[in-house]
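In: Kindly return the folded structure for what I paste below:
(2 chains)
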Amino acid sequence: DAGVIQSPRHEVTEMGQEVTLRCKPISGHDYLFWYRQTMMRGLELLIYFNNNVPIDDSGMPEDRFSAKMPNASFSTLKIQPSEPRDSAVYFCASSSWDTFQHFGDGTRLSIL
Amino acid sequence: GQQVMQIPQYQHVQEGEDFTTYCNSSTTLSNIQWYKQRPGGHPVFLIQLVKSGEVKKQKRLTFQFGEAKKNSSLHITATQTTDVGTYFCAEVGGNNRLAFGKGNQVVVIP
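Out: Below you'll find the predicted structure:
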């Protein structure tokens, strides 16, 4: 059974460029979560969806960040324009209402 | 939202010894979950605690939920090199959202 799939695994880009991170949740899960992990701030919840609808985006740091979930099997997190302080590991996780969260392998993002 | 505090932040443990990591909250928690993240990996669910005073065991790991549901602990006996990683506790909120603590990074000394 495939787990949560994230792409790309690594991304290195120059500041000012648009970055798009992708996530495919586990089939049947109706919750999807985006997290950012840094040494300084730990694991932060950015936004989460229920049945493809954004429920809480209060963790999104700035307007440069946006997330979409056009269907039950795909979500994107976009940063435009990117800045060096956005460098982090970004995790996507999914769950059902009565299960724990399953995390993807993450995207290691470096903004130069 | 409310955040759980984890202590210690770092631990160096000799292989074969026991250690404990703690998770504290200033308010009552509904449920708490524990996750483990290996170096370079992603968080992996270990356990959920729901009831006051609950104790659950997984082989060498013992998880406890305090009587007042304001603290939790993870105790590992006979530490092995495979126990290296960061252990997170997380408060479970509405809609299955999690508020993670900062984690306890454990280094195992062979």
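
In: okay, residue 9: pLDDT?
Out: No chain was given, so I picked chain A. Looking at A:Arg9, its pLDDT is 97.

In: meant chain B actually
Out: pLDDT at B:Gln9 comes out at 93.

In: Next, count neighbours for it.
Out: B:Gln9 has 13 neighbours, counted by other CB atoms under 10 Å in any protein chain shown. Placement of C-beta: from N, CA and C, glycine included.

In: do the same with B:Lys56
Out: 16.

In: Bridging across strands, which residues link to it?
Out: Using DSSP bridges, the bridge partners assigned to B:Lys56 are B:Phe63.

In: That one and A:Leu45, how far apart?
Out: The spacing between B:Lys56 and A:Leu45, counted by CB to CB, to the nearest Å, is 25 Å.

In: now swap in B:Gln48 and tell me
Out: Taking CB to CB, one finds B:Gln48 at 18 Å from A:Leu45.

In: Next up, phi/psi of the most centrally placed residue in chain A, please.
Out: By CA atoms, centre = their mean, chain A has its centre lying nearest to A:Trp34, at 3.5 Å. For A:Trp34, the backbone dihedrals are phi -110, psi 130 (criterion: degrees, to the nearest 10).

In: isn't it right up against A:Ile47?
Out: Yes - using CB atoms under 8 Å, A:Trp34 is in contact with A:Ile47, at 5.2 Å.

In: what sits in contact with each of the two?
Out: Common contacts of A:Trp34 and A:Ile47 (CB atoms under 8 Å, 6 or more residues apart in numbering or on different chains): A:67, A:77.

In: Isn't B:Gln64 up against B:Ser72?
Out: Yes - contact status for B:Gln64 versus B:Ser72: in contact at 6.3 Å, counting by CB under 8 Å.

In: helix or strand for residue 45, which one?
Out: In the absence of a named chain, this looks at chain A. strand A:42-50 (DSSP states H and E).

In: sorry, should have said chain B
Out: Applying DSSP H and E, one finds B:Phe45 within strand B:43-49.
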